[in-house]
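Student: Quick one: sequence plus predicted model below, questions after.
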Number of protein chains: 2
Amino acid sequence: MATMLEVAKRAGVSKATVSRVLSGNGYVSQETKDRVFEAIAESGYRPNLLARNLATSSTQTLGLVVTNTLYHGVYFSELLSHAARMTEDRGRQLILADGKHSADEERAAIQYLLDLRCDAIIIYPRFLSVEEMDEIVEQHQQPIMVLNRRLRRHASHCVWSDHKASSQAAVEKLIALGHRDIAFITGSLDSPTGVERLSGYRSALAQHDIALRDELIVEGKWTPETGARGVETLLARDASFSSLVASNDDMAIGAIRQLHLRGIRVPQQVSVIGFDDIALAPYTVPSLSSVKIPVTAMIQETINRLIFMLDGGEFNVQQTFPGELCLRESVTAGPRA
Amino acid sequence: MATMLEVAKRAGVSKATVSRVLSGNGYVSQETKDRVFEAIAESGYRPNLLARNLATSSTQTLGLVVTNTLYHGVYFSELLSHAARMTEDRGRQLILADGKHSADEERAAIQYLLDLRCDAIIIYPRFLSVEEMDEIVEQHQQPIMVLNRRLRRHASHCVWSDHKASSQAAVEKLIALGHRDIAFITGSLDSPTGVERLSGYRSALAQHDIALRDELIVEGKWTPETGARGVETLLARDASFSSLVASNDDMAIGAIRQLHLRGIRVPQQVSVIGFDDIALAPYTVPSLSSVKIPVTAMIQETINRLIFMLDGGEFNVQQTFPGELCLRESVTAGPRA
DNA sequence: TTGTATGCGTTATCAC
DNA sequence: GTGATAACGCATACAA
């Protein structure tokens, strides 16, 4: 490929001059400018970003680490498309690295983005602990923001949603409607989000003096398949329930499907609530209520903070985003209302 | 950040030696190796990939250009997750660039990846013409593969699915089942895929001497909303139909939803077929039949070819992937069968 | 307004 | 086995 030197020769100037007209820094006469642009066009010159970034020690990129397991479904698409659009609106490029299926791979993905010298990094952790995230934040001079975790020492470097509170609110809403037999499908219990949502369910019951019945709780793994299987398990246990809370929308979708197959009508016989994002739900599963996590706003805030830090700013505020309970036809009054 | 030079000093050796132990090229005694590793650990040294890539003029990355409009839905997630996994299986990293909403932005995205010196590039074009793609392929020495287009001059640099044939086959299946009044919702007609699918519909009707009725064709824009609106338009036209082909699954989903709302039963009164990917459909819209495009296999082949080319290989074969018609409960015999 | 020289952090080709 | 040293392509401080 044509390099800057070739352009310079062709235009009869020095590399430095070419660099000046390209960057706009420094004075250069209109006529040499013209000659340079001509030479660029003729030679098909294209800047080598590796060299430029090395020289300026700045890449104009934000790195994003997400785990492969999140790749499926609407939630991920939303996350990614918003992140990409917002970074580019700020004149930068988003670079995605796959956290795959383990803590080691998640670490490797972060390291890769750091080695690439991304200006700043966004991490949506799945396997790494809050402790480790806190360490990572302090060990690197690049600004780092963590999504969906509440860091202890660097609370201003994260943006999260209080899953326990949202879950509790959802269950309390069901209770207010008269439901007493509320089944619950958990997410993976090695994930904080999964644990928090279950914990919210427990709190809500305790708050209203409803006994916790183990046979109404079944463990899922976030996928529609496990949601469907969860329903099967509940039915096999012969546990009767008038409503069902699934720890995310994918599982809720699988659960609803399975209820249908078993001839149980939603919402007439069982009300269902999920979590995360119901963007597509109006068309796919109209009977699905959901606690909507405001991904867009969270990404927005994250990127704002990173850019602000890149400009030398400092933060001392925490920010949390409440999930919004969106009830639809799927939630009706409980049997005793 | 610590550089190689600092590591060298700390270990009492030269940069060259450090480079050797890191790359594994060249002989170096075990004891100096140990000293170097120790120095690396102490200093928290991390290689600067910008510098390394500049020096080796190779980045070990594949670039992928996709348009933002594709970002929504399962099809995109599948595409991306498979592409990422396969590139990483081959020891490389996938870098994503957003083609956004116009030809110019699509060009810019390609250019960006080229400027970043990606080793090879995959383009899933949306706005650029086949002509321009052909030019791009020949103007650059990096291996380039184009997905979902049939290039003229560089037929071995693309992998595509014959949308016209798939569409025709789907419609012919409906005809074989006895359907005669077959409605059709197109995709965006500025996209080749949209045009081809419509064309397949026309051919099928012509083939079986069924008159083309304009009132049965309505234009959509790939989204569930336009699918729903398409149904509204058809109903407003008072055009009766026993089956409906939507040019992708998203529109089919929107259409089915709208049919439900209007009290029209699927599939008892109207059979529906969509296109693309029904991976999630079993849980969301069990009544949706679909022509499944084998994204996974296509990505697989694409990446295989790129890696082969990077190793100096040459191709002269074309490859097309037939869409697979997956019929479900949603397709029944037509009224006259 | 322009050119020269140096540095960015590596790799790689020589010598020793 | 190891150490200088020249690339890699660009930016920039300093001269001119």
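Tutor: Alright, I've got the coordinates.

Student: Show the contacting residues for A:Ile123.
Tutor: Taking C-beta atoms under 8 Å, 6 or more residues apart in numbering or on different chains, we find A:Ile123 in contact with A:Leu64, A:Val65, A:Ile110, A:Met133, A:Ile136, A:Ile144, A:Met145, A:Val146, A:Leu147. In this view, the C-beta of every residue, glycine as well, is placed from N, C-alpha and C.

Student: Same list, the residues you listed, but only the ones touching chain B.
Tutor: Among the contacts of A:Ile123, proximity to chain B is found for none (C-beta under 8 Å from any C-beta of the partner chain).

Student: Return the subset of those lying in strands.
Tutor: Within these, residues falling in strands by DSSP state E are A:Leu64, A:Val65, A:Ile144, A:Met145, A:Val146, A:Leu147.

Student: Out of the residues you listed, which comes closest to A:Phe76?
Tutor: Checking the ones in strands among the contacts of A:Ile123 against A:Phe76 with C-beta to C-beta, the nearest one is A:Leu64 at 11.2 Å.

Student: What does the pLDDT read for the closest one?
Tutor: Per-residue pLDDT puts A:Leu64 at 97.

Student: For it, which non-adjacent residue is closest in space?
Tutor: Excluding the flanking residues, the one nearest A:Leu64 by C-beta to C-beta, 6 or more residues apart in numbering or on different chains is A:Ile122, at 4.8 Å.

Student: ok, now how distant is A:Ile122 from chain B?
Tutor: 14 Å (C-beta to the nearest C-beta, to the nearest Å).

Student: Touching, that residue and A:Leu147? I think so.
Tutor: Yes. Counting by C-beta atoms under 8 Å, A:Leu147 is a contact partner of A:Ile122 at 6.4 Å.

Student: if I look at those two, which residues touch both of them?
Tutor: In contact with both A:Ile122 and A:Leu147: A:Thr302, using C-beta under 8 Å, 6+ apart.

Student: Tell me the one among the contacts of A:Ile123 nearest to chain B.
Tutor: A:Leu64 (9.7 Å; C-beta to the nearest C-beta).

Student: Tell me, how many residues neighbour the closest one?
Tutor: Counted with other C-beta atoms under 10 Å in any protein chain shown, residues neighbouring A:Leu64 total 28.

Student: follow-up on the earlier one: for A:Ile122 and A:Leu147, indicate the residue with more neighbours.
Tutor: Just comparing A:Ile122 and A:Leu147: by other C-beta under 10 Å the higher neighbour count belongs to A:Ile122, 26 against 22.

Student: Now do the contacts for that one.
Tutor: Per C-beta under 8 Å, 6+ apart, neighbours of A:Ile122: A:Leu62, A:Gly63, A:Leu64, A:Val65, A:Ala83, A:Ile144, A:Met145, A:Val146, A:Leu147, A:Thr302, A:Ile303, A:Leu306.

Student: Repeat the analysis, applying 7 Å as the threshold.
Tutor: Listed by C-beta atoms under 7 Å, 6 or more residues apart in numbering or on different chains, the contact partners of A:Ile122 are A:Leu62, A:Gly63, A:Leu64, A:Met145, A:Leu147, A:Thr302, A:Leu306.

Student: For it, name its beta-bridge partners.
Tutor: Beta-bridge pairing for A:Ile122 (DSSP bridges): A:Leu64, A:Met145.

Student: ok, it to B:Leu49 distance?
Tutor: Remark: distance between A:Ile122 and B:Leu49 (C-beta to C-beta, to the nearest Å) = 19 Å.

Student: Just want the most central residue of chain A.
Tutor: With distances taken as C-alpha atoms, centre = their mean, A:Leu79 lies nearest the centre of chain A, 5.1 Å away.

Student: would that one count as being in a helix?
Tutor: Yes. The assignment for A:Leu79 (DSSP: H, G, I helix; E, B strand; the rest coil) places it in a helix.

Student: ok, the residue nearest to it when sequence neighbours are not counted - how many residues close by?
Tutor: Spatial nearest neighbour of A:Leu79, excluding adjacent residues (C-beta to C-beta, 6+ apart): A:Val295 at 5.4 Å. Residues near A:Val295, counting by other C-beta under 10 Å, number 23.

Student: okay, and the helix or strand of chain A with the least pLDDT?
Tutor: Least confident element among the helices and strands of chain A, by mean pLDDT, DSSP states H and E: helix A:281-284 (a mean of 67).

Student: what's downstream of it, the next helix or strand?
Tutor: strand A:289-292 (DSSP states H and E).

Student: So in that sheet, which strands flank that following strand, and in what orientation?
Tutor: strand A:271-276 (parallel), strand A:324-326 (antiparallel).

Student: Out of the ones you listed, which is closest to DNA strand C?
Tutor: For the strands paired with strand A:289-292, proximity to DNA strand C was assessed by C-beta to the nearest atom of the strand; strand A:271-276 is nearest, at 40.3 Å.

Student: Now do the closest one, average pLDDT.
Tutor: Here strand A:271-276 scores 92 as its mean pLDDT.

Student: For that strand, which outside residues touch it?
Tutor: For strand A:271-276, using C-beta under 7 Å, 6+ apart, the contacting residues are A:75, A:170, A:174, A:179, A:197, A:242-249, A:251-252, A:255-256, A:266, A:288-291, A:293, A:330-332.

Student: Now do it: distance to the chain's middle.
Tutor: Per C-alpha atoms, centre = their mean, to the nearest Å, the displacement of strand A:271-276 from the mean C-alpha position of its chain is 19 Å.

Student: Export only the CA atoms of it, formatted as PDB.
Tutor: What follows is strand A:271-276, C-alpha atoms only, in PDB (Å, rounded to 0.1, in the frame of the first residue of the first chain):
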ATOM      1  CA  SER A 271     -50.100 -15.000  35.000                       C
ATOM      2  CA  VAL A 272     -46.500 -14.700  33.800                       C
ATOM      3  CA  ILE A 273     -43.800 -12.100  34.400                       C
ATOM      4  CA  GLY A 274     -40.300 -12.000  32.900                       C
ATOM      5  CA  PHE A 275     -37.300  -9.600  33.000                       C
ATOM      6  CA  ASP A 276     -35.100  -7.700  30.700                       C
END
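
Student: Counting neighbours, what do you get for the nearest residue to A:Arg150 once chain neighbours are set aside?
Tutor: Among residues not flanking A:Arg150 along the chain, A:Trp160 sits closest, at 4.9 Å (C-beta to C-beta, 6+ apart). As a burial measure, A:Trp160 scores 21 neighbours (other C-beta under 10 Å).

Student: got the contact list for A:Trp160?
Tutor: A:Asn148, A:Arg149, A:Arg150, A:Thr320.

Student: separation between it and A:Gly99?
Tutor: Distance of A:Trp160 to A:Gly99, given as C-beta to C-beta: 18 Å.

Student: mind listing the strands for the stretch 51-200 of chain A?
Tutor: Counting by DSSP state E, counting those that start in this stretch, the stretch 51-200 of chain A has these strands, from start to end: A:61-66, A:93-98, A:120-123, A:144-147, A:158-160, A:182-186.

Student: Which one of these lies nearest to DNA strand C?
Tutor: Closest to DNA strand C of the strands of the stretch 51-200 of chain A, according to C-beta to the nearest atom of the strand: strand A:61-66, at 16.5 Å.

Student: Pull the residues that contact that closest one.
Tutor: In contact with strand A:61-66 (C-beta under 7 Å, 6+ apart) are residues A:83, A:87, A:92-97, A:99, A:106, A:109-110, A:113, A:118-124, A:306.

Student: Now that strand - C-alpha only, CSV.
Tutor: Taking Å, rounded to 0.1, in the frame of the first residue of the first chain, the C-alpha atoms of strand A:61-66 are listed here in CSV:
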residue,chain,number,x,y,z
THR,A,61,-11.8,3.3,20.3
LEU,A,62,-13.9,2.0,23.1
GLY,A,63,-13.7,-1.7,23.9
LEU,A,64,-16.7,-3.7,25.0
VAL,A,65,-16.5,-7.1,26.6
VAL,A,66,-19.6,-9.3,26.6
